[in-house]
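**Q** Only the shape, not the letters, is given here:
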């Protein structure tokens with residue numbers, strides 16, 4: 001996935017902010033007076049600008065790069081297991097449940113169960129909303145995974 005800062009339109013940013021609240025494209029369309037298809041199109045354009053495979057990944061990028069303001073910090077004291085936190089971080093990077101399971105050397109069913117537990121604990125409606133809630137809880141603030149190319153960017 002590309003990780004440079006990108007210019008998003010104000011309407012794409014508006015759609016991202018409402019998706020971060022857990023709203024569906026239909027709910028956003030009703031709120032802004034547009035069609036659900038228009039909202040989906042804006043979201044797809046924004047995703048394609050950065051090569052994000054999922055909306056959750058788009059929102060994670062938007063928080064990391066300052067496109068969206070960070071949610072107000074929450075101190076709910078949620079306990080997350082290392083497996084849950086690892087699955088959440090990989091899901092926020094756009095990985096599928098199968099990819100997460102492979103990377104964490106566990107079953108897809110365990111990944112689904114871990115993410116479902118977190119979603120319920122966070123009171124999230126869907127994965128993009130869960131990513132937003134995780135940012136509010138400051139669970140996703142660790143630096144991005146350092147690869148050779150990312151390290152090269154940092155060194156410049």
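**A** Good, I have the coordinates. Remember, it's a predicted structure, so these values are computed and weren't measured experimentally.

**Q** Now name the helix or strand holding the residue positioned nearest the centre of the chain.
**A** Taking C-alpha atoms, centre = their mean, the centroid of the chain lies closest to residue 56, which sits 2.9 Å from it. Here residue 56 sits within helix 55-64, counting by DSSP states H and E.

**Q** And for residue 42?
**A** Per DSSP H and E: helix 36-50 holds residue 42.

**Q** go on, residue 83?
**A** helix 82-92.

**Q** same check, this time on residue 11
**A** Secondary structure (DSSP H and E) places residue 11 in helix 10-20.

**Q** Quick check: buried residues in that helix?
**A** Across helix 10-20, burial judged by 16 or more other C-beta atoms under 10 Å covers 12, 14, 15, 16, 17, 18, 19, 20. Heads up, the C-betas are built off the backbone N, CA and C, glycines and all.

**Q** mind checking how far that helix is from the chain centre?
**A** 13 Å (C-alpha atoms, centre = their mean, to the nearest Å).

**Q** quick one: contacts of that helix?
**A** 8, 27-28, 31-32, 39, 42-43, 45-46, 55, 58-59, 62, 67-68, 71, 128-129, 131-132 (C-beta atoms under 8 Å, 6 or more residues apart in numbering).
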